[in-house]
Every structure is written in C-alpha cells, then in structure tokens.
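Asker: coordinates only, sequence not included:
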C-alpha cells in the first residue's frame with residue numbers, strides 16, 4: 001500500500017540545483033531496443049507498483065539517457081528493513097542500478113554523456129487512526145496524474161513500520177517535471193491528506209549525477 005505522493009517543495013523548503021534537460025513531454029524519441037526486437041508494448045514501462053496503462057512510462061516521451069535509467073530502475077531494490085529512517089544512500093542497490101545502465105548503454109551502442117536527474121524522498125509517519133487504504137486511493141490517482149505530466153521515471157514506496165513510519169521515493173527526469181507533476185487536482189488532494197492524516201512528514205531533494213561514459217556517479221543534495 002502506498003504512501004501518498006508528497007508535495008513538491010518550493011526552493012525555500014530545501015536546496016536545489018539547476019537542471020540541464022530541455023526535453024518536453026510532447027517530444028517523440030526513438031525507443032532504444034538494447035539489441036532485442038522491438039514491438040509496441042515495449043514503448044511502455046512499469047515504473048511503479050501500479051501496473052495499469054495510465055501509470056506506465058511512455059518511453060517515447062523521454063530521451064535515450066532517461067530511457068536507460070528508467071529501464072535500469074526496474075531493478076531498484078530495498079536492502080534493509082529500517083528504510084523509513086535509514087540514510088537514503090544505504091537503502092537501495094544503487095551500484096547495481098548504475099551497473100544495469102552501463103549494460104543497457106553498451107547493448108544499444110549509446111555513448112553516455114553527463115546527465116543529472118532529480119530525486120524526491122518522502123519520509124512520513126501516520127497515527128494508528130489513519131486508514132492507510134484511503135491514502136492508497138489518493139496516491140494512485142496522484143501517480144497517474146504525475147505520469148501523464150511526463151518525466152516520471154520511478155516511484156517506490158514501502159509499508160509503515162510498527163511506529164507508523166514509512167518512506168517513498170520518486171526519480172524524475174528533472175526538477176521542472178516534478179513541479180509540473182505536483183500541480184494537478186489529484187496531487188492537491190493527496191497533499192491535503194498528507195497534512196491531515198500524517199503525524200509528521202519530511203521531504204528530501206537529491207541529485208543523481210552520472211558522468212560521461214558512466215565512469216562515475218553520485219547522489220547528493222540538490223543545490224540551487
């Protein structure tokens with residue numbers, strides 16, 4: 001069951017770094033086939049626990065670097081039970097994800113150039129009185145809305161621990177996409193529920209930087 005997609009913070013809420021991508025959701029990019037035969041179904045990728053069509057990433061709307069990262073993030077795995085409170089870099093198998101990007105780039109003969117991606121981390125705590133299933137309904141609607149807006153590469157969420165603490169995380173093509181994805185009606189309803197139904201919540205904004213030829217990568221604070 002989901003943790004509601006949290007509100008995207010303004011610049012004053014935390015630090016951020018300028019983005020470099022100029023892609024738009026209306027663009028129509030060629031989908032890399034990584035050496036396999038390509039068919040229409042491969043234009044769409046499951047990038048969240050929601051598998052219905054409105055929740056799938058249309059790979060034709062993002063460029064090659066974003067396609068490769070999104071495909072690699074299919075293999076994103078949580079490594080520890082205390083993910084709700086653990087340092088972000090220690091929660092997931094990021095080295096394996098980057099390794100998968102490298103494999104996919106090589107298979108498609110893609111020369112990787114330095115790229116930056118935007119990560120949102122939503123840490124929360126709900127009281128015993130909160131009906132978590134209701135939050136899931138709101139979350140699912142907000143996710144479909146954010147997916148439609150474009151550039152939403154990955155969504156992962158856990159389940160509340162015995163203290164009601166949980167973590168959800170999103171990976172976006174850039175900060176602009178994240179902001180556009182947070183202004184719709186469904187997201188506003190989800191954000192309103194966050195304020196009413198959570199005991200506490202906190203947002204972290206991070207940068208994933210992958211340098212030329214995938215020889216170096218890091219995740220750090222997003223700084224303006």
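Answerer: The structure has been received and is ready for your questions. Note that the structure is a prediction, hence the values are computed from the model and not measured.
Asker: ok, longest helix in this structure?
Answerer: Identified as the longest helix of the chain according to DSSP state H is helix 132-149.
Asker: for that one, buried residues please.
Answerer: Neighbour counts over helix 132-149 (16 or more other Cβ atoms under 10 Å) mark 132, 135-147, 149 as buried. For every residue, glycine as well, the C-beta is placed using N, CA and C.
Asker: kindly report the same for stretch 48-55.
Answerer: By neighbour count on 16+ other Cβ under 10 Å, the buried set for stretch 48-55 is 48, 50, 55.
Asker: among the buried residues of helix 132-149, which two are most distant?
Answerer: Within these, two members stand farthest from each other by Cβ to Cβ: 132 and 149, at 25.5 Å.
Asker: still on that earlier bit, pLDDT-wise, what's the bottom of the buried residues of helix 132-149?
Answerer: Least confident of the buried residues of helix 132-149 in the model: residue 132, at 75.
Asker: just checking, that one touches residue 126?
Answerer: Yes: assessed by Cβ atoms under 8 Å, residue 132 is found in contact with residue 126 at 6.8 Å.
Asker: give me the common contacts of these two.
Answerer: residue 160 (Cβ atoms under 8 Å, 6 or more residues apart in numbering).
Asker: which residues of this protein score low on pLDDT?
Answerer: 1-29, 33-40 (pLDDT under 70).
Asker: what about the residue of the chain most remote from its centre, distance to residue 197?
Answerer: Most distant residue from the mean C-alpha position of the chain: residue 129, 28.4 Å away (Cα atoms, centre = their mean). When Cβ to Cβ, to the nearest Å is the yardstick, residue 129 and residue 197 sit 9 Å from each other.
Asker: measure residue 172 to residue 166 for me?
Answerer: 20 Å.
Asker: ignore the last one, residue 178
Answerer: 20 Å.
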